[in-house]
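Undergrad: What shape does this take:
(one chain, ligands or ions: 3)
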Amino acid sequence: MEAVGVAPAPVAAAVKKKLLDLKDPFPTAAAENGAKASPAGKWAMKKKLVGGDAGYVLEDVPHLTDYLPELPTFPNPLQDNPAYSVVKQYFVNPDDTVTQKIVVHKTSARGTHFRRAGPRQRVYFQSDEVNAAIVTCGGLCPGLNTVVRELVCGLYDMYGVTSVVGIEGGYKGFYSKNTIPLTPKSVNDIHKRGGTILGTSRGGHDTAKIVDCLQDRGINQVYIIGGDGTQKGASVIYEEVRRRGLKCSVVGVPKTIDNDIAVIDKSFGFDTAVEEAQRAINAAHVEAESAENGIGVVKLMGRNSGFIAMYATLASRDVDCCLIPESPFYLEGKGGLLEFIERRLKDNGHMVIVVAEGAGQDLIAKSMNFVDTQDASGNKLLLDVGLWLSQKIKDHFKKKPNFPITLKYIDPTYMIRAVKSNASDNVYCTLLAHSALHGAMAGYTGFTVAPVNGRHAYIPFYVSRGPYVQIEPGYCNTNCPGGSETWTIFVFAEDHREAEQGGDHGPDVGEGAVLDEPALLPEPRGRGEHEA
Ligand SMILES: Nc1ncnc2c1ncn2[C@@H]1O[C@H](COP(=O)(O)OP(=O)(O)O)[C@@H](O)[C@H]1O
Ligand SMILES: O=P(O)(O)OC[C@H]1O[C@](O)(COP(=O)(O)O)[C@@H](O)[C@@H]1O
Ligand SMILES: [Mg+2]
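TA: Ligands and ions are numbered 1, 2, ... in the order given. As a prediction, the model looks like this:
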């Protein structure tokens, strides 16, 4: 296989490590942004790390008893539920943890672990005491409705909770809208629909007003479904809840179709997106095959990372070239994309290009003298790489009258994001929702739930809120039957998120040690600019 038009791989920034004394002042989320940190903020953003033998580290999540030590516990109502009580060892051992790294050597330290998700024998809420709220924020993603449905049904059916409300239209709905009562009946069919019945939005996060709302309405469990921006918002809500000393579990359910959240195996909706993308790629291929020198260009989502584009490419086998944000490319000259397209058309008569929306942004911005703009949440607005690329290809071949081409550009991005979740995402969303509410009932707070190496775990917010992960540059041997010349893509390799998260910081940590939050965070990988 041949590399075409690939600029040198960027060098990842070095990850700094620091171990602070417990009494030392330390930077916090607020301080990161230049603001003066509140004492509660400082405390809340500290890592809760517990060391064990041979380099074992539990990267733990907060618990309500960290600041409300006198809270009473109750038997888990699941033990009387006929559907669950028959299962032996249904409850999770409180000492169970999930390892972040599963590929190890005999000399490896034991590394980082997260608290295992699942129902606990004792809970910190009585059923009739719970007032739960659910909110969906950020961009759409297949499976949002399934998570909402399973949170509601799980709370009712497993824990006997009967007070659950939805917050309308994302974070701003906390202080600008009435709540929507949610019951198993009202959410019964919603998993069969795309979007979110609660509505969603970008921007509008006002921590004080949101926590006022929680306090005024007596909400004591809040489930916040959203991406990296949402998890940042959830993290400051948790800090404020803690500062006010409220008995309220703040729980995050990570969402992004881009599948670029650190540590976790996969985000929900991603499988559906890859599957749905096949329809667009098939159409592009049919169009390309049916024309003289046919070119099909398909744009897929992926703001900072090309996971959808790469997986859709690998699944389809009809794609000749895949462009992703991780891998800079160039158009003109030897080894450039245009030369490759020309050769591919000469050899095969048609071709399909898949491009992730975040690819080539620097190149387009340069050619258009573009100034950065942002959406309401502070995310960089992207230029349309699909349109730009299609035009560049057309312009190139216009100069070659003996080389007529037919190019079709397909942009299915929002169609993919708006569909209902497929079967495997529905199962995944169900388990995520259940893990989330088991955690809240057990008194954990300030956490996100997700599978790590196949086991659901409770993960601190500072992991799920970023930095995003990217595909490791390298080359993927696709073993195309046509031989090396017939299959050239720009991307490749496997997803290295496990290795990326620096699971090697275990040995520095002593029993109960607490580190400052930014010290161990890896920088965003590669040249990707971290979102605001
Ligand atoms: N740094 C932040 N602090 C507090 N809230 C944030 C922050 N970044 C984003 N948010 C809020 O989170 C919500 C969703 O963020 P956004 O970036 O649009 O989507 P996503 O969470 O899917 O990445 C918005 O309401 C936004 O205001
Ligand atoms: O047009 P919108 O809704 O602002 O969303 C566009 C962006 O949303 C995404 O789907 C990801 O959004 P999230 O960060 O909300 O998960 C990107 O792939 C895309 O760039
Ligand atoms: Mg985001």
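Undergrad: What lies in contact with stretch 447-457?
TA: 61-62, 97-100, 102, 114-118, 231, 234, 251-254, 261, 263-267, 431-432, 435-436, 439, 458-461, 463-464, 498 (Cβ atoms under 8 Å, 6 or more residues apart in numbering). C-beta: built from backbone N, CA, C; applies to glycine.
Undergrad: Recalculate using a threshold of 6 Å.
TA: Outside stretch 447-457, the residues that touch it by Cβ atoms under 6 Å, 6 or more residues apart in numbering are 61, 98, 102, 114, 116-117, 252, 254, 264-265, 432, 435-436, 458-459, 464.
Undergrad: Could you tell me the end-to-end distance of that stretch?
TA: The first and last residues of stretch 447-457 sit 10 Å apart, counting by Cα to Cα, to the nearest Å.
Undergrad: State the mean pLDDT of it.
TA: On average, the pLDDT along stretch 447-457 is 97.
Undergrad: What residues sit buried inside it?
TA: Under the neighbour-count criterion of 16 or more other Cβ atoms under 10 Å, stretch 447-457 has Phe447, Thr448, Val449, Ala450, Pro451, Val452, Asn453, Arg455, His456, Ala457 buried.
Undergrad: confidence score at the closest residue to the last one other than its chain neighbours?
TA: Ranked by Cβ to Cβ, 6 or more residues apart in numbering and with sequence neighbours excluded, the top spatial neighbour of Ala457 is Phe114, at 3.8 Å. Looking at Phe114, its pLDDT stands at 97.
Undergrad: what bits of the stretch 301-450 of the chain have low per-residue confidence?
TA: Within the stretch 301-450 of the chain, no stretch has pLDDT under 70.
Undergrad: Which parts of the stretch 51-200 of the chain are strands?
TA: Assigned by DSSP state E, counting those that start in this stretch, the stretch 51-200 of the chain shows strands spanning 56-60, 74-75, 97-99, 111-116, 122-123, 132-136, 164-166, 180-181.
Undergrad: Could you export the ones you listed as JSON lines, including mean neighbour count and distance to ligand 3?
TA: Shown next, in JSON lines, are the strands of the stretch 51-200 of the chain (neighbours: other Cβ atoms under 10 Å; distance: least, Cβ to the ion, whole Å):
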{"stretch": "strand 56-60", "mean neighbour count": "22", "distance to ligand 3": "22"}
{"stretch": "strand 74-75", "mean neighbour count": "12", "distance to ligand 3": "37"}
{"stretch": "strand 97-99", "mean neighbour count": "20", "distance to ligand 3": "25"}
{"stretch": "strand 111-116", "mean neighbour count": "24", "distance to ligand 3": "22"}
{"stretch": "strand 122-123", "mean neighbour count": "18", "distance to ligand 3": "32"}
{"stretch": "strand 132-136", "mean neighbour count": "28", "distance to ligand 3": "13"}
{"stretch": "strand 164-166", "mean neighbour count": "24", "distance to ligand 3": "21"}
{"stretch": "strand 180-181", "mean neighbour count": "14", "distance to ligand 3": "24"}
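Undergrad: just so I know, which of the ones you listed lies nearest ligand 2?
TA: strand 132-136 (10.3 Å; Cβ to the nearest ligand atom).
Undergrad: Tell me which strands the closest one pairs with, and in which orientation.
TA: strand 164-166 (parallel), strand 221-226 (parallel) (DSSP bridges).
Undergrad: would you turn those strands into JSON lines with distance to ligand 1 and mean pLDDT?
TA: Below are the strands paired with strand 132-136 laid out as JSON lines (distance: least, Cβ to the nearest ligand atom, whole Å; pLDDT from 0 to 100):
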{"stretch": "strand 164-166", "distance to ligand 1": "16", "mean pLDDT": "98"}
{"stretch": "strand 221-226", "distance to ligand 1": "4", "mean pLDDT": "98"}
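Undergrad: Please name whichever of those strands is nearest to Gln391.
TA: Among those, the nearest to Gln391 by Cβ to Cβ is strand 221-226 (34.6 Å).
Undergrad: anything in that closest one sitting right up against ligand 3?
TA: No: using Cβ under 5 Å from the ion, strand 221-226 stays clear of ligand 3, coming no nearer than 7.9 Å.
Undergrad: hmm, that strand touching ligand 2?
TA: No: shown here: strand 221-226 not in contact with ligand 2 (Cβ under 6 Å from any ligand atom), separated by at least 6.9 Å.
Undergrad: what packs against the following helix or strand past that strand?
TA: Using DSSP states H and E, the helix or strand that follows strand 221-226 towards the C-terminus is helix 228-243. Identification of packing neighbours for helix 228-243 by 3 or more Cβ pairs under 6 Å, 6 or more residues apart in numbering; DSSP states H and E yields helix 39-44, helix 207-217, strand 249-254, helix 461-464.
Undergrad: Out of these, which is the most enclosed?
TA: Neighbour counts (mean count of other Cβ atoms under 10 Å) averaged over each of the helices and strands packed on helix 228-243 peak at strand 249-254, with a mean of 28.
Undergrad: quick one: average confidence on that strand?
TA: Mean pLDDT, strand 249-254: 98.
Undergrad: centre of the chain versus it, how much separation?
TA: Centroid separation for strand 249-254 versus its chain: 13 Å, with Cα atoms, centre = their mean, to the nearest Å.
Undergrad: ok, how many other residues are close to Asp258?
TA: Asp258 has 29 neighbouring residues, counting by other Cβ atoms under 10 Å.
Undergrad: Need the phi and psi values for it.
TA: When quoted as degrees, to the nearest 10, the phi and psi of Asp258 stand at phi -70, psi -20.
Undergrad: wait, it sits on Asn304?
TA: No: counting by Cβ atoms under 6 Å, Asp258 stays clear of Asn304, with 7.1 Å between them.
Undergrad: shared neighbours of the two, which are they?
TA: Here Asp258 and Asn304 share no contacting residue, scored by Cβ under 6 Å, 6+ apart.
Undergrad: Report the contact partners of the spatially closest residue to Ile134 that is not a sequence neighbour.
TA: Distances taken as Cβ to Cβ, 6+ apart put Tyr223 closest to Ile134, at 4.7 Å, once the chain neighbours are dropped. When the contact criterion is Cβ under 6 Å, 6+ apart, the partners of Tyr223 are Ile134, Leu151, Val251, Ala436.
Undergrad: Who does Tyr223 form a beta bridge with?
TA: Taking DSSP bridges as the rule, Tyr223 bridges to Ile134, Val251.
Undergrad: Up against ligand 1, what does the stretch 351-500 of the chain have?
TA: Ser377, Asn379.
Undergrad: for the stretch 351-500 of the chain, what spans make up the strands?
TA: Using DSSP E, counting those that start in this stretch, strands in the stretch 351-500 of the chain cover 406-410, 447-452, 455-460.
Undergrad: can you pull the contacts of the spatially most central residue of the chain?
TA: Among the residues of the chain, Ile261 comes closest to the average C-alpha position under Cα atoms, centre = their mean, at 3.5 Å. By Cβ under 6 Å, 6+ apart, the contact list for Ile261 reads Pro254, Ser267, Ser464.
Undergrad: How about the residues of the stretch 151-300 of the chain by ligand 3?
TA: So far as Cβ under 5 Å from the ion goes, the stretch 151-300 of the chain lies against ligand 3 at Gly227, Asp228, Gly229.
Undergrad: and which of those residues is nearest Asp318?
TA: Gly227 (30.0 Å).
Undergrad: My understanding was that the closest one contacts Asp258; is that so?
TA: No: using Cβ under 6 Å, Gly227 is not in contact with Asp258; the gap is 7.8 Å.
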